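> how would this look folded up:
(chains A and B)
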Amino acid sequence: MALDKSEVKDIAHLARIAIDEDKIPEYASSLSSILDLVEQLQSADTDNIEPMAHPLDATQRLREDAVTESNHREEYQSIAPATEDGLYLVPKVID
Amino acid sequence: MSWETVIGLEIHVQLATQSKIFSGSAIKFGAEPNTQASLVDLGMPGVLPVLNEDAIKKAITFGTAIDAKINQKSVFARKNYFYPDLPKGYQISQLDLPIVDKGHLDITLEDGSVKRIGVTRAHLEEDAGKSLHEDYHGMTGIDLNRAGTPLLEIVSEPDMRSAEEAIAYVKTIHSLVQYLDISDGNMAEGSMRCDINISMRPKGQEEYGTRTETKNVNSFRFIEKVIRGEVIRQIDELEAGNKIHQETRLYDSVKDETRPMRSKEEANDYRYFPDPNLLPVITTDEYIQTIRESLPELPGQKIERFQKEYELKEYDARVLAASKAVANYFETVVTTSGAKAKLAANWVTSELLGALNKAGTDIQHSPVSAEHLGELLQRITDNTISGKIAKTVFEAMWNGEGSADDIIEAKDLKQETDSGAIEALVDEVIANNPAQVEQFLAADENKRKKLVGFFVGQIMKASKGKANPQQVNQLLTQKLK
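The predicted model follows:
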């Protein structure tokens, strides 16, 4: 399956990765070969096989519902690039 | 052409746990920003989610209450998208094998008819944080207190055909989650939010039309407005020969209209995959059975019991049982007052709910407690005051002037039951109104009734409403012969 230029751009956008325009053909071919491998896997007959959500033969341990965390806002925010009024500040997300 | 509306709803219910679904942070509403955001909630590298047992239990409680199949093997998945209030870059949710599978719920419409609505599934997920777009020097402020709050997303079948049915369905869910004690159902605080899927099709056609989804609607009133507005918009488009675009819309409550989300906001490519940090959740038959056996009395059962135990009409039973808080209030009034249930039902449904409605508040914030209303009804039952005076007392109680007994005492409202004193009043009114007495004696049966009303009115006025009405009537009939 061959990806075209705009599909590569979409994938990059979904992953929030900036890519060089001239590298796109290279990415397209690498990504396409991954998809080819998946396609090959798809052709395996899995009719009687239960989907495996996790390779470990174990089940999820559950935690008792109790508040165990205390407020460490100051320590956590000391490494943040920008904070104000207790909020983390990020570049504006709506225009 | 005649159109049929098709509605399906996704309702997000915030579960009333103590701590978050994957971390031990508190989820108290209204805390200072980011004081309930731990390293897990901040999405720091190296942290692992640990699942809260109570979230599982509450989800299964809901499932058993709607006769749903519980998936005893349930899997969590990552839903990937970028937004700063989701620091991990993915929301932990469920796709295949949600904890609650197909179930159903019966809704009662205004005309009393019952309709069954299918529930496709209900799955657990974590809430995101909150973005504050007010001016922070051109930046956005992020509060992650809400990030990781457990949500149960209840997805309905496209079984509703009108705004009325959709509202009835949401109200039924709203009441049910409070009955089950799995959510506080506080819509103003965002404990219940609704995504509304709407499509139109020509009446009689089986195939569904193209739908739109309006996201994050958080009040009954807005749900109704969104549906009515979107139905008109879609019919207009279709009748003009246009196509409906499958899209996500946002409701603007200020302008009272929906608008399509900009495509940039719409990131529908979520690339779900099983979360490798979480193993499948396995629940045993015994575990589910224990939950099933400890289900509380549900609305339908309560309505039946109220009719049987208190001999209430179905309508009254329904009004009282519509919310657990109202039902509990009513039963407390009955026990404390020792009054007839019918009297208690009338007072709760008309006086109390009327006053709450007018004040725009709910029964949890009622200025008159159930115990205090019970005391008031006790005073009606033991003839200390009449039903009419009781309304005056209730008003004073509502305004915080004290208990029923305090107010009756302070305002001197005790009913006059001394027959001598009442007789004196009756005599006085008869003596002061000779013309009406003449008329009365000359009148036929029908006219007499009217005139009796006049006399009773005068006597009650003279007694400042305190004379016992039965005694007044009795004495009056004797004297006017």
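> What residues does the closest residue to chain A within the stretch 301-450 of chain B make contact with?
Residue of the stretch 301-450 of chain B nearest chain A, by Cβ to the nearest Cβ: B:Lys324 (21.3 Å). Quick note: C-beta positions are derived from backbone N, CA and C, even for glycine. Neighbour list for B:Lys324: B:Ser175, B:Gln178, B:Tyr179 [criterion: Cβ atoms under 8 Å, 6 or more residues apart in numbering or on different chains].
> In this model B:Leu320 seems to touch the first one, though I could be wrong.
Okay, so that is B:Ser175. No - between B:Ser175 and B:Leu320 there is no contact under Cβ atoms under 8 Å: 11.7 Å.
> Compare the two (neighbour count), which wins?
A count of neighbours by other Cβ atoms under 10 Å in any protein chain shown puts B:Leu320 above the other of B:Ser175 and B:Leu320, at 25 against 20.
> Does the more buried one lie in a helix or a strand, and which?
For B:Leu320, the host element (DSSP states H and E) is helix B:314-321.
> Show the average pLDDT along that helix.
Per-residue pLDDT over helix B:314-321 has a mean of 92.
> Buried residues of that helix, list them for me.
B:Asp316, B:Ala317, B:Arg318, B:Val319, B:Leu320, B:Ala321 (16 or more other Cβ atoms under 10 Å in any protein chain shown).
> For B:Ile459, state which of the residues you listed is nearest.
Minimum distance to B:Ile459 across the buried residues of helix B:314-321 is 33.0 Å, recorded for B:Asp316 (Cβ to Cβ).
> ok, and what's touching the longest strand anywhere in chain A?
Identified as the longest strand of chain A according to DSSP state E is strand A:87-91. Strand A:87-91 is contacted from outside by A:77, A:80-83, B:33-34, B:84, B:132, B:136-137, B:139-144, using Cβ under 8 Å, 6+ apart.
> check which helix or strand covers B:Lys243.
Assigned by DSSP H and E, B:Lys243 belongs to neither a helix nor a strand.
> burial count for the nearest residue to it once chain neighbours are set aside?
In space, and not counting its chain neighbours, B:Lys243 is closest to B:Thr210: 7.0 Å by Cβ to Cβ, 6 or more residues apart in numbering or on different chains. Per other Cβ under 10 Å, the neighbour tally for B:Thr210 reads 14.
> what's the answer for B:Trp3, then?
16.
> rewinding a little: quick check on the contacts of strand A:87-91: which are buried?
Buried members of the contacts of strand A:87-91, counted by 16+ other Cβ under 10 Å: A:77, A:83, B:33-34, B:84, B:132, B:136, B:139-144.
> just curious, which of those residues is nearest to B:Ile282?
Of all these, B:Ile282 sits closest to B:Leu144, with 30.6 Å by Cβ to Cβ.
> ok, now how distant is that closest one from B:Pro49?
With distances taken as Cβ to Cβ, to the nearest Å, B:Leu144 is found 15 Å from B:Pro49.
> Quick check: phi and psi at the residue of the stretch 301-450 of chain B closest to chain A.
B:Lys324 adopts backbone torsions of phi -60, psi -40, taken as degrees, to the nearest 10.
> Can you give me every residue that contacts the nearest residue to B:Ala322 once chain neighbours are set aside?
Leaving aside its sequence neighbours, B:Ala322 sits nearest to B:Ser175 (Cβ to Cβ, 6+ apart; 5.8 Å). With contact taken as Cβ under 8 Å, 6+ apart, B:Ser175 is in contact with B:Gly185, B:Pro299, B:Ala322, B:Ser323, B:Lys324.
> same deal with B:Gly138?
With contact taken as Cβ under 8 Å, 6+ apart, B:Gly138 is in contact with A:Lys92.
> quick one: it and B:Leu86, what's the gap?
Distance from B:Gly138 to B:Leu86, counting by Cβ to Cβ: 21 Å.
> pLDDT weak spots in chain B?
Scanning chain B with the threshold set as pLDDT under 70 gives B:262-268.
> and if you look at chain A?
By pLDDT under 70, the low-scoring segments of chain A are A:53, A:94-95.
> Around chain B, pick out the residues from it.
For chain A, the residues in contact with chain B (Cβ under 8 Å from any Cβ of the partner chain) are A:10, A:14, A:16, A:51, A:53-54, A:56, A:58-69, A:71-73, A:76-77, A:82, A:84-94.
> how about a cut-off of 6 Å?
Applying Cβ under 6 Å from any Cβ of the partner chain, we find that chain A lies next to chain B at A:14, A:16, A:53-54, A:58-60, A:62-63, A:65, A:67-69, A:71, A:73, A:84, A:86-90, A:92-94.
> So which of these are in helices?
Those of those mapping onto helices are A:Leu14, A:Arg73, per DSSP state H.
> What's the ChimeraX line that selects buried ones from the residues of chain A next to chain B?
This is how ChimeraX selects the buried members of the residues of chain A next to chain B, with burial counted by 16+ other Cβ under 10 Å:
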select /A:53,54,60,62,63,65,67,69,71,86,87,88,89,90
